[in-house]
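Visitor: generate coordinates for the sequence data below:
(one chain, ligands or ions: 2)
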Amino acid sequence: MLTAQAVSVHFAGVRAIEDVSVALAPREILGLVGPNGAGKTTMVNVLSGFQAPHAGGVTLNGTAVTGRSSDWLARHGVVRTFQAVRLFRKLTVSENVEASLVSVGSGRGAARRKAMEILSYLGISHRAHLQGDALNYGDERRVGIARALALNPAFLLLDEPAAGMNVAEAEALADLIRRIRDDFGCGILLIEHNMALITRICERMQVMASGRTIAVGTPAEVFENPVFRSAYLGTGAL
Ligand SMILES: Nc1ncnc2c1ncn2[C@@H]1O[C@H](COP(=O)(O)OP(=O)(O)OP(=O)(O)O)[C@@H](O)[C@H]1O
Ligand SMILES: [Mg+2]
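Guide: Ligands and ions are numbered 1, 2, ... in the order given. Model (predicted):
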């Protein structure tokens, strides 16, 4: 289990998140939704060690890990992707995945073998020798996922992996995310604006707005939640 308990993060007076708790169970797919600026990425930053909380804490399988570095958490199974993919543009696809493995202490030979294994799993081994800046958008996002998957996550945090994809690409990605959960046995937290994608693959969803949680439950429960309905349905955001 990966949890954040009553976490707050403030930036120079901006309350990015205020008293938010998240619980991601093993093998669960949890959707994290909410409007721009709701605090979703900040919560993923806290869970993955990129941002220390100003109040509250993070636990991994019952042990406090608040303040641990992102590298430490990655080595212990908590791995995230970024809203902006951030590939090394002058390295090849394979080298990009290898770099992620080397950064957590893997040797070069093992990293190369693992990178090829993951690229093949994702169906992009034919792109392995392309340079990062030669990829189309969908492949670039798949390489971002490859970099995370190479680290054998127990908990995988995906920050808007479908951003910019068309409907067919987003549906293929949703199927891939479910396959990753089944094959790797990891819990997945998915930040996503597309409610159809969320309801297609998430067992539970958590809705944030203005740095707070306004609803949590199964998608069916959340859609019946009056607070969610007044915040979302009236705005046409669905
Ligand atoms: N490093 C930072 N410095 C200052 N303010 C920040 C920083 N990071 C985030 N914020 C602010 O914190 C709030 C939450 O931002 P966050 O990026 O977590 O939202 P989000 O839900 O991921 O939004 P989006 O859907 O646009 O990605 C916003 O008001 C944002 O401007
Ligand atoms: Mg964000």
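
Visitor: now R27: how far from L158?
Guide: 15 Å (CB to CB, to the nearest Å). No exception for glycine: its C-beta is placed from N, CA and C like everyone else's.

Visitor: which of those two has more neighbours?
Guide: Shown here are R27 and L158; by other CB atoms under 10 Å, L158 has more neighbours (26 against 14).

Visitor: who touches that one in this structure?
Guide: Going by CB atoms under 8 Å, 6 or more residues apart in numbering, L158 touches 80-81, 145, 148, 177, 188-191.

Visitor: what about the closest residue to ligand 2 within the chain, how many residues nearby?
Guide: Of all residues in the chain, the one sitting closest to ligand 2 is T41 (3.1 Å; CB to the ion). If you count neighbours by other CB under 10 Å, T41 ends up with 21.

Visitor: for it, which residues are in contact?
Guide: Contacts of T41 (CB under 8 Å, 6+ apart): 83, 159, 191.

Visitor: just the element for it, please.
Guide: Assessed by DSSP states H and E, T41 sits inside helix 40-47.

Visitor: find the centremost residue of this protein, please.
Guide: The centre of the chain sits closest to L158, judged by CA atoms, centre = their mean, with a distance of 1.6 Å.

Visitor: got the residue ranges for the helices in this structure?
Guide: For the chain, helices defined by DSSP state H occupy the ranges 40-47, 70-75, 93-102, 108-121, 137-149, 167-184, 195-201, 219-224, 226-232.

Visitor: tell me what the fifth one is packed against?
Guide: Just to be clear, that refers to helix 137-149. Contacts defined by 3 or more CB pairs under 8 Å, 6 or more residues apart in numbering; DSSP states H and E place helix 137-149 against strand 78-80, helix 93-102, helix 108-121, strand 155-159, helix 167-184.

Visitor: got the residues of the protein near ligand 2?
Guide: 40-41 (CB under 5 Å from the ion).

Visitor: at the contact with ligand 1, which residues of the chain appear?
Guide: Residues of the chain lying near ligand 1 by CB under 6 Å from any ligand atom: 11, 14, 16, 34, 36-42, 83.

Visitor: buried subset of those as a PyMOL selection?
Guide: This is how PyMOL selects the buried members of the residues of the chain next to ligand 1, with burial counted by 16 or more other CB atoms under 10 Å:
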select buried, resi 16+34+38+39+40+41+42+83
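
Visitor: can you redo the residues of the chain next to ligand 1 as CSV with pLDDT?
Guide: Listed next are these as CSV, based on pLDDT from 0 to 100:
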residue, pLDDT
F11, 94
V14, 92
A16, 96
G34, 94
N36, 92
G37, 94
A38, 95
G39, 97
K40, 97
T41, 97
T42, 98
Q83, 87
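
Visitor: which member of the residues of the chain next to ligand 1 is positioned nearest M195?
Guide: The shortest approach to M195 among the residues of the chain next to ligand 1 belongs to G34, at 11.5 Å (CB to CB).

Visitor: these two touch, right, that closest one and M205?
Guide: No: with contact defined as CB atoms under 8 Å, G34 and M205 do not form a contacting pair (10.2 Å).
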